[in-house]
Each structure stands twice: as C-alpha cells, then as structure tokens.
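Enquirer: any chance you can model this:
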Amino acid sequence: MRFFVLGIFCLAMCGCAPTQQQIAAQAQNDDATCQSFGAKIGSDAYIQCRMSQQQQRTQLRAAAIAAPADTCTKFGNTVSCY
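Expert: I've put the predicted structure just below:
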C-alpha cells in the first residue's frame, strides 16, 4: 500500500497523474494478473503481487520521465517518448 501511495504522489507531482478511469483499469488488470497467478484476494501472496505490479509501473514511469529528450518525437501537437 505504501508503494501505491508513493507512486500516486510522484505522478501527481510530475503533472502526469493518471485519470480515475486509468487507475480503475490498472487496478482491474493488476487484480486479474495476480489472481491468474493463483493468489487469493487478501492473501499475503496477493498483496505482494499487487505491490509488485505497482512498483513495476512506478519504475517504468520514472524511466520514461528520465529518458533523454532524443527518444521523444513530435507529431503535430502530440509528443511521444519511448
């Protein structure tokens, strides 16, 4: 839970916080992923899985933010960074 709160805080500070729909979709995907591994909701394995999912997402966002500018392309008003 601490990682989730920290991740949301960092995203809000970056100005790129996900929408409520994106958060709900991520939670649903994380839930399905963890259950597909056999983790039962509320179990230690489930909680660890959900924390791991959030931590991976946070690391990916941090890497995207830290990416050098030359990995971004602009097309019209849209900027895409890889």
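Enquirer: that's a helix at K40, yeah?
Expert: No. Residue state for K40 (DSSP: H, G, I helix; E, B strand; the rest coil) corresponds to coil; a helix is not indicated.
Enquirer: and for it, the neighbour number?
Expert: 10 (other C-beta atoms under 10 Å). In this view, the C-beta of every residue, glycine as well, is placed from N, C-alpha and C.
Enquirer: can you check the pLDDT for it?
Expert: According to the prediction, K40 has pLDDT 94.
Enquirer: L60 now?
Expert: 85.
Enquirer: likewise F75?
Expert: We note a pLDDT of 76 for F75 in this prediction.
Enquirer: how about F9?
Expert: The model reports F9 with a pLDDT of 56.
Enquirer: cool, F4 as well?
Expert: 58.
Enquirer: how far away is the residue sitting nearest the centre point of the chain from A24?
Expert: In the chain, the centroid-proximal residue (C-alpha atoms, centre = their mean) is R57; its distance is 3.1 Å. If you measure R57 against A24 using C-beta to C-beta, to the nearest Å, the figure is 14 Å.
Enquirer: next, the residue nearest to the centre of the chain: phi, psi?
Expert: Main-chain torsions, R57, degrees, to the nearest 10: phi -60, psi -40.
Enquirer: all good on my end, thank you.
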